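*Asks:* can't give you the sequence, but here's the structure:
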């Protein structure tokens, strides 16, 4: 796999994941709120996160660490499934530390990823699934231009309770590629 070049924004840099990121993910992905919001059903370990980072990416996925301009990691984003023949992909975005939320990192990283999906990968559609009880995430995806397109009623189970799972998407024709 060729070396992945960093993608620079004004507030964030999207760079290849590296071994040093495993401690960040192992710490934050074990927080109960993050586990709920992201649909993680089992705790993780440093070793598991390191193994995920070290496995080769396939043609159907593309992952980045999100860092602030100084290089401090604040999250992770990626395309977890790319159906190139259909010009469709699913996207993921996680900024787990509440201290890093609301600072524009997620919006800029999301726009950089959408630009990559539509320009570089020639995608026509980008999808996301969101737990309905995660109202913060719902607002985030809507702010990026995603629209609700379906509801999986009671499609998510956490802590003894069911929640709807909201399917959202944005089409190339709806996204402003001049930004």
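*Replies:* Perfect, I can see it now. Just so we're clear, the structure is a prediction, and the values are computed from it rather than from any experiment. Numbers count the residues shown, from 1 in each chain.
*Asks:* Least confident secondary structure element in the chain?
*Replies:* helix 32-38 (a mean of 81; mean pLDDT, DSSP states H and E).
*Asks:* From the chain's centroid, how far away is it?
*Replies:* In terms of Cα atoms, centre = their mean, to the nearest Å, the centre of helix 32-38 is found 14 Å from the chain centre.
*Asks:* ok, and for that helix, which residues are buried?
*Replies:* 34-38 (16 or more other Cβ atoms under 10 Å). Using the backbone N, CA and C atoms, a C-beta is placed for each residue, glycine as well.
*Asks:* other SSEs contacting that helix?
*Replies:* Other helices and strands packing on helix 32-38, by 3 or more Cβ pairs under 8 Å, 6 or more residues apart in numbering; DSSP states H and E, are absent; none qualifies.
*Asks:* Residues in contact with stretch 13-22: which ones?
*Replies:* Stretch 13-22 is contacted from outside by 3-4, 6-7, 46, 49-50, 53-54, 63-69, 71, 73, 76-77, 109, 112-113, using Cβ atoms under 8 Å, 6 or more residues apart in numbering.
*Asks:* Using neighbour counts, pick out the buried residues of that stretch.
*Replies:* Here stretch 13-22 shows 13-17, 21-22 as buried, counting by 16+ other Cβ under 10 Å.
*Asks:* coming back round to it: now the buried members of the contacts of stretch 13-22.
*Replies:* Here, 16+ other Cβ under 10 Å leaves 7, 49-50, 53, 63-67, 73, 76-77, 109, 112-113 buried among these.
*Asks:* and of those, the nearest to residue 143?
*Replies:* Here the nearest of the buried ones among the contacts of stretch 13-22 to residue 143, counting by Cβ to Cβ, is residue 109; it sits at 12.7 Å.
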